[in-house]
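K.L.:
my questions are about this predicted structure, shown below with the sequence.
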Amino acid sequence: MTTRDTYINKMKLQLDELNLQMDKLEARAQEAREDVRDKYKLEMAKLHAQSKAAKAKLADMQASSESAWDSMVTEMDKVRDAFVHSFSYFKSQV
């Protein structure tokens, strides 16, 4: 397996794990008081948007040329880090 394949597989696993954890948090948020639940729904929508952006960036990486690979890795790391940070913050609030 090439370094590229390893990176893509690692990133896919990380995104899948975050999405699984998001589903669990979403279920917990449903049990919250109604006024808090609305806030959680808004934040979850933002997290879903970030997840979608990360998946799209991963798909772009898979289709990228070797010459674009290094810049794609940097961009993917930024997207993933932003998603992880947002998720961690939301998780600390639930």
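P.N.:
Happy to help now that I have it.
K.L.:
make it CA atoms for all contacts and neighbour counts henceforth
P.N.:
OK.
K.L.:
which other residues reach stretch 72-86?
P.N.:
Stretch 72-86 is contacted from outside by L15, L18, L47, Q50, S51, A53, A54, K57, L58, M61, S64, using C-alpha atoms under 8 Å, 6 or more residues apart in numbering.
K.L.:
show me where pLDDT drops low in this structure?
P.N.:
For the chain, the stretches flagged by pLDDT under 70 are 1.
K.L.:
in the longest helix seen in it, what's buried?
P.N.:
For the chain, the longest helix by residue count, based on DSSP state H, is helix 34-63. Residues 37, 40, 43-44, 47-48, 50-51, 53-55, 57-58, 61 are the ones in helix 34-63 that count as buried (16 or more other C-alpha atoms under 10 Å).
K.L.:
for it, name the packing helices and strands.
P.N.:
helix 3-30, helix 69-93 (3 or more C-alpha pairs under 8 Å, 6 or more residues apart in numbering; DSSP states H and E).
K.L.:
turn these into CSV, columns for mean neighbour count.
P.N.:
Output for the helices and strands packed on helix 34-63, formatted as CSV (neighbours: other C-alpha atoms under 10 Å):
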stretch, mean neighbour count
helix 3-30, 14
helix 69-93, 15
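K.L.:
and the spatially closest residue to M11 that is not a sequence neighbour, what is it in contact with?
P.N.:
Using C-alpha to C-alpha, 6 or more residues apart in numbering and skipping the chain neighbours, the partner closest in space to M11 is L58 (7.7 Å). Contacts of L58 were listed using C-alpha under 8 Å, 6+ apart, and they are I8, M11, K12, M76.
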